[in-house]
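Chemist: Fold the following.
(chains A, B and C)
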Amino acid sequence: MSLIKGETGEWEVVIGLEVHAQVSSNAKLFSGAATAFGAEPNAQVSFVDAAMPGMLPVINDYCVEQAVRTGLGLNAQINLRSVFDRKNYFYADLPAGYQISQYQQPIVGTGTIVLDMPDGSTREVGVTRLHLEMDAGKSLHDQDPRLTYVDLNRAGVALMEIVSEPDMRTSEEAGLYLKKLRSIVRYLGTCDGNMDEGSMRADVNVSVRKPGGELGTRCEIKNVNSMRFVQQAIEYEARRQIEVIEGGGAINQETRLFDSKQGTTRSMRSKEHAHDYRYFPDPDLLPLELDPAWVDNIRASLPELPDPKKARFMKEYGLSSYDAGVLVAEKDTGAYYEAVAKGRDAKLASNWVTGELFGRLNKAGTALADSPVSAAAVGELVDLIADNTISGRIAKDVFDAMFETGKGARAIVEEKGLKQITDTGAIETAIDQVIAANADKAEQVKAGKDALLGWFVGQVMKATGGKANPAKVNELLRAKLKG
Amino acid sequence: MALDKDKVAHIARLARIRVEDKDLAPIGKELDQILSWIEQLNEVDTANVEPMTSVASLKLKRRADQVTDGGYPEKVVANAPAAAHGYFTVPKVVE
Amino acid sequence: MAALTDLTLAAARDGLKKKSFSAKEIAEAHIKAVEGARALNAFITETPDKALAMAAQSDARIAKGEARPLDGIPLAIKDLFCTEGVLTTAASHILDGYKPQYESTVTSNLWRDGAVMVGKTNLDEFAMGSSNMTSYYGPVESPWRRQGDNRPLVPGGSSGGSAAAIAARLALGATGTDTGGSIRQPASFCGIVGLKPTYGRCSRWGIVAFASSLDQAGPFARDVRDTAILMRAMAGHDPKDSTSVDMEVPDFEATLDKGVKGLKIGIPKEYRVDGMPAEIEKLWNQGIEWLRAEGAEIREISLPHTKYALATYYIVAPAEASSNLARYDGVRFGLRVNGDSLDDMYERTRAAGFGAEVRRRVMIGAYVLSAGYYDAYYLKAQKVRALIARDFEQAFGQVDAILTPTAPSAAFAIGDKMDDPIAMYLNDVFTVPASLAGLPALSLPAGLSGDGLPLGLHLIGRAFDEATVLRAARTIEKAANFTARPGAAS
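Modeler: Model prediction:
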């Protein structure tokens, strides 16, 4: 547990997250309008989304299924009966004057998310609930000095609001929570997790208290749209609250906005008034009742999720918790790794995938899906190392060439003549030449200065263009100088 | 029970209906009269009664995830009291 | 031959088929009648050009032998139904200039069957009222007058314009909507037939919402057969309305004359309310006798929670309305009154755009849903509502239909009861319980008050059993032989 030091001693930060994850659906939650990102203003708006008089909602079956699938992925309880309520408030981008949401009876109840801590340990964070609701439209405040522009393309898009328990204590944990949640929904295919396009946003609840004390008053920071910003916002907000309290003030329960340019939070003016949302069941809809057999079918169709996959990688491939965690974070990395590791040295495969490949991809800003080096190609490279065709050092050059050209490992080795020299005669010749040229140093080794042995190995490798088998060089050198 | 001016102002504010100060008291009286009348429901024993949630005894119907609507931005803003560049416009909101 | 405006819908249909007259001729006769009756203020928008264009299409189909069920029938449409490209106001200032870009499902069904629109009828603002006096476009006058008294009377409400139009022979049929009695009470006041079908029978898509769990569209006509014909055309499953029922719509006309022999008719003892006028009670007893004479078995039943129906209604309906009417905010359509800020704009727009009764109900609704009051008011009301529905369920275990008066009085004068909301609400005392339970119910003219005004009888049926309600109504209709006509239209 990490505490923040204030003037009056240490403080504990208590964090809960409400994540809005957009369901990856073609059409909106209650209308047949499209959900694609980046359309012309109001081009993806039906009369239902615009809340024209007499318009009525009809629910999208696929969105219901994705909410259930996500609930199952969070090991959560699925409520076979849930209710859609109206949350009433006025805002320019909320056309009906109410949002259709789920209040007292959400579709998914309590579940769990396991955080993979950097030291390889794990930590559980409780999920309070997941409910379905419609998104609001978008207000643009910077288009005109006197006006706010309203675009309703997002209005009515299906969101899953996933609410955590206030179980997190550091901004890092909040970041890991988001990362894991994102990983799970992406595995499930229920949300694309794209934070840049607003497919995933977080409302962050932060309060501070003396360790073990009563929970403090919390502030809600709205709509934070990147993992880095979530962490920044928490750090700023925790310090702000500590300063207020230590300065003799009190925290007001309020909604705050994160300013990503300044890295600060500020009180939200438009939400000053105490809210009274006047929730009541939406009379345009009936309670949502799920057939247990239908839920079981979804359960049976779930893919292997990050946590069980990680455990399997550790067991099956002997990987460390950390490496396994890295490899399972995305569904396609796990699959890529398995294609490389199958029938090969699993640890060697892991090193090449998490080390060289991820390093190069990262540097080039390329996604795994667009990698110029296929899993089969990495496998071929690993094979060449394993059967001593090339050394590990040469393999790095080969990999670089593969990444540049997209050619296969074997082809590059052939083309560049990089095959390892394992022929004893050829290596002995090179050794003899090096010893002859450095007789003084050879004498020192013979006299017991073993540290110079490594220098000789290097010289021999250099003389053979790095192609000599290092183990063999070592063995022969020892025989000649120490024999 | 009486609805004082503050309470009426609060309700008017929730409903986003402007009520002039001088009208708060008479409206309070009027609403009070209706509320006292509907409080006769307190006579009814509703212990163990489930509230009615739907009149029609139906299963909620669900539609397929197909794009069947939208694509007519000009119709969406056709009746707008104020619009610019395809957007609705409202007095500037300061968040 | 009788004037074309005096025909029943069924007679007009048959005459058109036989080419005794054309759709154009019927349309013209009604357009003229509408123009001649402007003093009633029954219409907010007249659509003569549209009527003629639709009639021409009907004539073309009839000529080709491809007549549809309602081809050439002129109808008046309550101005709560959205009609594409035609001003739709809900009789509210706040919908100033609003021309929907879509057509309601119910009116689409009528046009599909060949009907012709003569105009959009006046109503209480957002259908909130029982007198048609809350309309922004001014009150509707009933075509009826008391004997020896020329003071204008209300047509009832909220569908007052539609009811007045049918009584005054301005259309052969009309659409209404009924939330707590808005079809049945004006039908009773205007001496015509009005049917509120089972909740879920007609699509609500494209009808300006008042209270979503109560609103139902239904027909007005001058006799039971015409009502049955219109009902069939309006009804039907709509995938765009989650509360619309996927159930076959029967041919109500075909079973109309099956009589009531063997039917069990319930008479709820709790409906004999204190202070019921003697002439109303007398008419009710007369109705019982007519049915008994035709072979129905009469049974006294009990609906013990009836007395709480009105109070329940005046929590549930305003609560839903306060939310349904939040969309009238001056942003996307209708009236906008500019303000210093978004909230100021909202508050000015809604204060100017809504009339006193709408403002009152929206505020009551916001209050009963607000924090700290939800359980005491809204939740309590929904529980009492469940008890009211259960009363009916138990009653329908013993009887096939229920007979009551439609309203506690005949029509009253314009301006009466306006200063006492609760006295006005009491108009709906007999109609509200069936609305809360979602049951089909019909009003038909069965006699005249002492001063010569029509009085209606009210039949309530099992869910989705409009057919039995219509059968029983047809039996009473034959026995009552109601032939009185409003003075203003003769």
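
Chemist: which residues does the nearest residue to A:E243 once chain neighbours are set aside contact?
Modeler: Of all residues not flanking A:E243 in the chain, A:G6 sits nearest, at 7.7 Å (Cβ to Cβ, 6 or more residues apart in numbering or on different chains). C-beta: built from backbone N, CA, C; applies to glycine. Neighbouring residues of A:G6 by Cβ atoms under 8 Å, 6 or more residues apart in numbering or on different chains: A:I242, A:E243, A:E246.

Chemist: Now rank these by neighbours and give me the top one.
Modeler: A:I242 (21 neighbours; other Cβ atoms under 10 Å in any protein chain shown).

Chemist: Kindly report the residues of the stretch 151-300 of chain C close to chain B.
Modeler: C:Y199, C:G200, C:S213, C:L214, C:P239, C:S242, C:T243, C:V245, C:D246 (Cβ under 8 Å from any Cβ of the partner chain).

Chemist: Try it again at 10 Å.
Modeler: With Cβ under 10 Å from any Cβ of the partner chain as the criterion, the stretch 151-300 of chain C comes near chain B at residues C:198-201, C:212-214, C:216, C:237, C:239-247.

Chemist: and of the contacts of A:G6, the nearest to A:Y187?
Modeler: A:I242 (37.7 Å; Cβ to Cβ).

Chemist: low-scoring stretches of chain C, by residue?
Modeler: Applying pLDDT under 70 to chain C picks out residues C:1-2, C:488-490.

Chemist: Give me the longest helix you can find in chain B.
Modeler: Determined from DSSP state H, the single longest helix within chain B is helix B:21-38.

Chemist: What helix or strand is the nearest residue to C:L256 once chain neighbours are set aside located in?
Modeler: Once flanking residues are discounted, C:L256 sits nearest to C:R474: 4.9 Å by Cβ to Cβ, 6+ apart. C:R474 is located in helix C:466-480, with elements delineated by DSSP states H and E.

Chemist: Can you tell me which helices and strands that helix packs against?
Modeler: If you count contacts as 3 or more Cβ pairs under 10 Å, 6 or more residues apart in numbering or on different chains; DSSP states H and E, helix C:466-480 packs onto strand C:193-196, helix C:224-234, strand C:264-268, helix C:278-293, strand C:401-405, strand C:441-448, strand C:454-461.

Chemist: Same list, those, but as TSV with mean neighbour count please.
Modeler: Formatted as TSV, these follow (neighbours: other Cβ atoms under 10 Å in any protein chain shown):
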stretch	mean neighbour count
strand C:193-196	33
helix C:224-234	26
strand C:264-268	21
helix C:278-293	17
strand C:401-405	26
strand C:441-448	28
strand C:454-461	28
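
Chemist: Make a markdown table from the ones you listed and add distance to C:P48 to it.
Modeler: What follows is the helices and strands packed on helix C:466-480, written out as a markdown table (distance: least, Cβ to Cβ, whole Å):
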| stretch | distance to C:P48 |
| --- | --- |
| strand C:193-196 | 25 |
| helix C:224-234 | 22 |
| strand C:264-268 | 44 |
| helix C:278-293 | 39 |
| strand C:401-405 | 38 |
| strand C:441-448 | 29 |
| strand C:454-461 | 29 |
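
Chemist: tally of neighbours for residue 144?
Modeler: Using chain A here. Around A:D144 there are 14 other residues, counting by other Cβ under 10 Å.

Chemist: let's do chain C instead
Modeler: Residues lying near C:W144 (other Cβ under 10 Å) number 27.

Chemist: Which of the contacts of A:G6 fall in helices?
Modeler: Among the contacts of A:G6, DSSP H puts A:I242, A:E243, A:E246 in helices.

Chemist: Direction included, what does the longest strand along chain B pair against?
Modeler: Assignment by DSSP state E gives strand B:87-91 as the longest strand of chain B. Strand B:87-91 pairs in its sheet with strand A:147-151 (antiparallel), strand B:83-84 (antiparallel), by DSSP bridges.

Chemist: Output these in JSON lines, with mean pLDDT and mean neighbour count appended to each entry.
Modeler: Shown next, in JSON lines, are the strands paired with strand B:87-91 (pLDDT from 0 to 100; neighbours: other Cβ atoms under 10 Å in any protein chain shown):
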{"stretch": "strand A:147-151", "mean pLDDT": "97", "mean neighbour count": "23"}
{"stretch": "strand B:83-84", "mean pLDDT": "96", "mean neighbour count": "16"}
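
Chemist: Dump those to a markdown table, plus distance to C:T83.
Modeler: Converted to a markdown table, those look like this (distance: least, Cβ to Cβ, whole Å):
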| stretch | distance to C:T83 |
| --- | --- |
| strand A:147-151 | 27 |
| strand B:83-84 | 23 |
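
Chemist: Could you check how far B:V93 is from chain C?
Modeler: B:V93 is 5 Å from chain C, where distance means Cβ to the nearest Cβ, to the nearest Å.

Chemist: For the residue nearest in space to the middle of chain B, list the residues it contacts.
Modeler: Among the residues of chain B, the one closest to the centroid is B:A15, at 6.6 Å (Cα atoms, centre = their mean). When the contact criterion is Cβ atoms under 10 Å, 6 or more residues apart in numbering or on different chains, the partners of B:A15 are A:88, A:90, A:97, A:278, C:322, C:325-326, C:346-347, C:350-351, C:354, C:359, C:362-367, C:370.

Chemist: could you pick out which of these are near chain B?
Modeler: Contacts with chain B within the contacts of B:A15, as defined by Cβ under 10 Å from any Cβ: A:88, A:90, A:97, A:278, C:322, C:325-326, C:346-347, C:350-351, C:354, C:359, C:362-367, C:370.

Chemist: Mark which of those are part of strands, please.
Modeler: Of the ones next to chain B among the contacts of B:A15, the ones assigned to strands by DSSP E are A:N88.

Chemist: Which of the helices and strands packed on helix C:466-480 sits closest to C:A480?
Modeler: For C:A480, the closest of those is strand C:441-448, at 4.5 Å, according to Cβ to Cβ.

Chemist: in its sheet, what does that closest one sit against?
Modeler: Partner strands and pairing direction for strand C:441-448 (DSSP bridges) are strand C:193-196 (antiparallel), strand C:454-461 (antiparallel).

Chemist: Give me the angle between it and helix C:278-293.
Modeler: 110 degrees (axes from the mean of the first three to the mean of the last three Cα atoms, to 10 degrees).
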